[in-house]
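Engineer: coords below, sequence missing:
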């Protein structure tokens, strides 16, 4: 299979590196010094699951150089999806499948606006990973896992094929019974910690040990749960308990990628997390005062971070 990894950051670098060690043809889309390092030395992955160096079929920033892919794995930020799907569409065909692995609850819907809906899958990943230095990916905590499936949760031969390829690469992958529920479970967890981390600018260990901040996280999660329920996403009753159990298991110095983007003054996924809950809450008639407070406090910084973007910077890989 010809596999294109669109975005070779923490997630794309890990999954692309693992897949590049199989017999399948893997192409990585990256930019700048990171791309140059991969081209010269290969992609180095330092992972809790084991270190390795991978040499993809091709690493490039020029989509015109790629072979028509059978599978495109989007590993960029949620807010970059629509432009990326527009950019890649002309280099695909009627048989290409598209798999988003971003944080967020509406990534599939974003792709459906641009790409043929029948070719779009749904997915997510659970991991902590980032670019440590050009050509080097670090996965210091949480053994990576990947969940994906058809939008209607049908267990088709094409998702079974992808699952087998992931397993060939040594990836912990699964097709859940309901991919939408799985996505919202992850979304609730990441929305609960990310922007509050951006506000407090401290690690998850500090936040969970502070009674006031922990209560704020709980109220954030309760609002996400309420919006999901009203939208017809039937999350298990213990979803919030499981999210806080996961928070308790994180290494104390852990920070979420959105928090790091906010702290570094970069465009973040604020709109796709708390902003999305605020807007969906208003649409379906659910009050979300805590998420709105968090969103509005961070929005001025987000607007400043986005204002200098040039067309060339529009998708950061």
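Structural biologist: Yep, that arrived. These numbers come from a predicted model, not from an experiment. Residues are numbered from 1 along each chain as shown.

Engineer: next up, the contacts around the residue lying farthest from the centre of the chain.
Structural biologist: Distance to the chain centre peaks in the chain at residue 211, reaching 28.8 Å (criterion: CA atoms, centre = their mean). Contacts for residue 211 (CB atoms under 8 Å, 6 or more residues apart in numbering) come out as none. No exception for glycine: its C-beta is placed from N, CA and C like everyone else's.

Engineer: measure it to residue 241 for me?
Structural biologist: 18 Å (CB to CB, to the nearest Å).

Engineer: now swap in residue 99 and tell me
Structural biologist: From residue 99 to residue 241 the distance is 30 Å (CB to CB).

Engineer: when these two are compared, which one has more neighbours?
Structural biologist: A direct count of neighbours by other CB atoms under 10 Å for residue 99 and residue 241 places residue 99 higher, at 23 against 11.

Engineer: tell me the SS of residue 56?
Structural biologist: Here residue 56 is recorded as coil under DSSP: H, G, I helix; E, B strand; the rest coil.

Engineer: that older thread, now the residue farthest from the centre of the chain: phi and psi?
Structural biologist: phi -60, psi -40 (degrees, to the nearest 10).

Engineer: pLDDT score assigned to it?
Structural biologist: In this model, residue 211 is scored at 97, pLDDT.

Engineer: now it: how far from residue 112?
Structural biologist: With CB to CB as the criterion, residue 211 and residue 112 are 42 Å apart.

Engineer: just residue 72 next, same as before
Structural biologist: 14 Å.

Engineer: could you do residue 266 as well?
Structural biologist: 27 Å.

Engineer: for this structure, which spans come out with low pLDDT?
Structural biologist: 308-317 (pLDDT under 70).

Engineer: pick out the residue nearest the middle of it.
Structural biologist: In the chain, the residue lying closest to the centroid (CA atoms, centre = their mean) is residue 102, at 2.1 Å.

Engineer: what distance do you get for that residue to residue 111?
Structural biologist: Counting by CB to CB, the gap from residue 102 to residue 111 is 10 Å.

Engineer: ranges for the helices of the stretch 201-317 of the chain?
Structural biologist: 204-209, 211-230, 239-249, 257-263, 276-284, 289-306 (DSSP state H, counting those that start in this stretch).

Engineer: in this protein, where's the longest strand?
Structural biologist: strand 136-149 (DSSP state E).

Engineer: if we can go back for a sec, list the residues that contact both of residue 102 and residue 111?
Structural biologist: Joint contacts of residue 102 and residue 111 (CB under 8 Å, 6+ apart) are 74, 81.
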